[in-house]
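> Sequence and predicted structure are below.
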Amino acid sequence: MRDIFPWYFHEDADYKAIWDEGILTVDTNVILDLYRYNKSTREALLVALESFEGRLWISHQTAKEFVKNRRSVIADVTNDFLKAKKPIDDVEKATRSAAEAIRGCRVIPKDFSETFEAEIEKVCQTIREKIEKEQSEIPNYDTKDDVVSRLEKALSGGVGALPDDIENLLKEAQRRRDEKIPPGYMDEQKDGLGFAGDFLMWTQIMSHSSKEKKPVILVTSETKEDWWEKKSGKTLNPRLELLQEAFEKTGQKFLIYHTDQFLRIHQDKSGKASDESILEEIREYSLAREPAVSITQDASLQSTSVNKGLLLVSIARPVRNFTSSGRFTPNMVKAPDVHVKMIDTPADTPKFTINANTGTIYDFNVHVHSGDRSTMLPVGDYLIEYEASCGDLADAEEADNLAE
């Protein structure tokens with residue numbers, strides 16, 4: 001089988017050769033995240049990238065998206081510090097109200113409320129000072145951007161050129177999106193040509209690998225199923241179609257890693273103990289970027305007065321509630337009544353409520369809530385049966401079908 005599927009099976013010697021001689025490339029968010037991480041995580045990832053100086057290369061698409069989004073990400077980071085301070089202000093306000101309420105209970109000594117208020121304010125002030133210290137250590141990227149300067153040195157001119165056949169590539173990206181061929185079809189909701197970004201990066205990486213006749217390590221922050229094989233909410237491995245396509249088009253083997261996987265392996269190879277706090281921060285950013293809910297609809301009956309079928313809702317992280325949407329094809333003659341029933345859930349799913357609503361002729365929403373606000377709905381697949389009908393019209397159509 002190793003001869004038939006060489007793109008799938010890797011020997012220890014393959015891994016060593018790829019890490020020692022291969023090209024390292026990353027997607028846009030891997031380098032944009034350098035602005036989002038705290039100082040220690042940013043430094044750890046920059047050191048890892050710099051260790052590949054001379055072999056670090058990024059596609060033109062990656063560089064283009066980095067330039068396009070860099071300032072926006074920096075602005076978001078600044079806003080995050082303001083967001084972090086607001087809950088502290090809210091706690092202090094709530095504490096003052098609580099202290100007043102305690103003082104209103106005459107049987108309680110006054111010093112109880114005063115101690116309570118003073119201790120909470122002391123903790124809040126300590127946390128506020130720590131946040132302000134972190135904020136003060138964020139570089140002024142307008143005057144000195146070490147992220148850019150260190151990346152430029154590590155890249156040593158290793159930025160791909162804009163392909164000559166960009167129009168044909170965009171047409172191919174659209175075809176692959178429509179046929180759900182990875183990567184990138186999960187980005188179909190992005191504005192304009194945003195859906196084509198992952199495919200353009202992917203083709204440029206393969207072209208560079210083929211030209212240089214070298215294997216590739218691709219580090220990506222993507223967690224969606226157009227990059228990764230998933231089962232019951234768990235990521236198993238990169239999409240096999242990608243590994244096969246890369247080998248068939250370049251003759252080279254590709255390794256694809258999440259950012260935290262890459263950094264863990266790099267630290268192990270460097271003889272350094274993995275810093276779990278750093279790896280956890282990277283995982284949290286990746287998880288926050290991934291949509292919590294993905295939906296697959298399978299219709300069994302479709303008409304202008306009756307729609308029936310199943311919704312398979314996959315939850316990527318624990319949530320207290322989720323909303324999933326389905327479509328009516330064709331559009332119904334009027335807004336229908338919608339009824340739903342949960343058919344299957346992940347193991348250990350707590351009690352929940354489920355209901356549906358619509359005010360349109362073309363779509364509907366299903367809402368699932370944990371029965372206990374303190375209990376989360378687990379990661380995994382939820383299978384929901386739905387039926388939408390337009391009352392008398394549906395009955396008439398069913399009678400006509402029986403008569404036929």
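Nice, I can see it.
> in the stretch 51-200 of the chain, which ranges drop under the pLDDT threshold?
Residue ranges of the stretch 51-200 of the chain with pLDDT under 70: 188-192.
> could you pull out the helices for it?
Taking DSSP state H, counting those that start in this stretch as the criterion, the stretch 51-200 of the chain carries its helices at 60-103, 110-136, 146-155, 166-178, 197-212.
> Out of those, indicate the one that is most buried.
Sort the helices of the stretch 51-200 of the chain by mean neighbour count, taking mean count of other CB atoms under 10 Å, and helix 197-212 sits at the top with a mean of 21. To be clear about C-beta, it is placed using only N, CA and C from the backbone, and glycine gets the same treatment.
> That one versus helix 166-178: what angle between them?
120 degrees (axes from the mean of the first three to the mean of the last three CA atoms, to 10 degrees).
> what's in contact with helix 197-212?
Contact with helix 197-212 is made by 23, 25, 27-28, 57, 59-62, 65, 160, 163, 166, 169-170, 172-173, 176-177, 183-184, 187, 190, 215-216, 218, 222, 226-227, 242, 245-246, 249-252, 254, as judged by CB atoms under 8 Å, 6 or more residues apart in numbering.
> Mind checking which of the residues you listed are buried?
With burial judged by 16 or more other CB atoms under 10 Å, the buried subset of the contacts of helix 197-212 is 23, 25, 27-28, 57, 59-62, 65, 160, 163, 169, 172-173, 176-177, 183-184, 187, 215-216, 218, 222, 226-227, 242, 245-246, 250, 252, 254.
> As PDB, could you dump the C-alpha coordinates of stretch 76-89?
What follows is stretch 76-89, C-alpha atoms only, in PDB (Å, rounded to 0.1, in the frame of the first residue of the first chain):
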ATOM      1  CA  ASP A  76      -8.500  45.200  17.000                       C
ATOM      2  CA  VAL A  77      -5.800  44.400  19.500                       C
ATOM      3  CA  THR A  78      -5.900  47.900  20.900                       C
ATOM      4  CA  ASN A  79      -9.700  47.600  21.300                       C
ATOM      5  CA  ASP A  80      -9.300  44.300  23.100                       C
ATOM      6  CA  PHE A  81      -7.600  46.100  26.000                       C
ATOM      7  CA  LEU A  82     -10.500  48.500  26.300                       C
ATOM      8  CA  LYS A  83     -12.900  45.500  26.200                       C
ATOM      9  CA  ALA A  84     -10.900  43.800  29.000                       C
ATOM     10  CA  LYS A  85     -11.200  46.800  31.300                       C
ATOM     11  CA  LYS A  86     -15.000  47.100  31.000                       C
ATOM     12  CA  PRO A  87     -15.900  43.900  32.900                       C
ATOM     13  CA  ILE A  88     -13.700  45.200  35.800                       C
ATOM     14  CA  ASP A  89     -15.600  48.500  35.900                       C
END
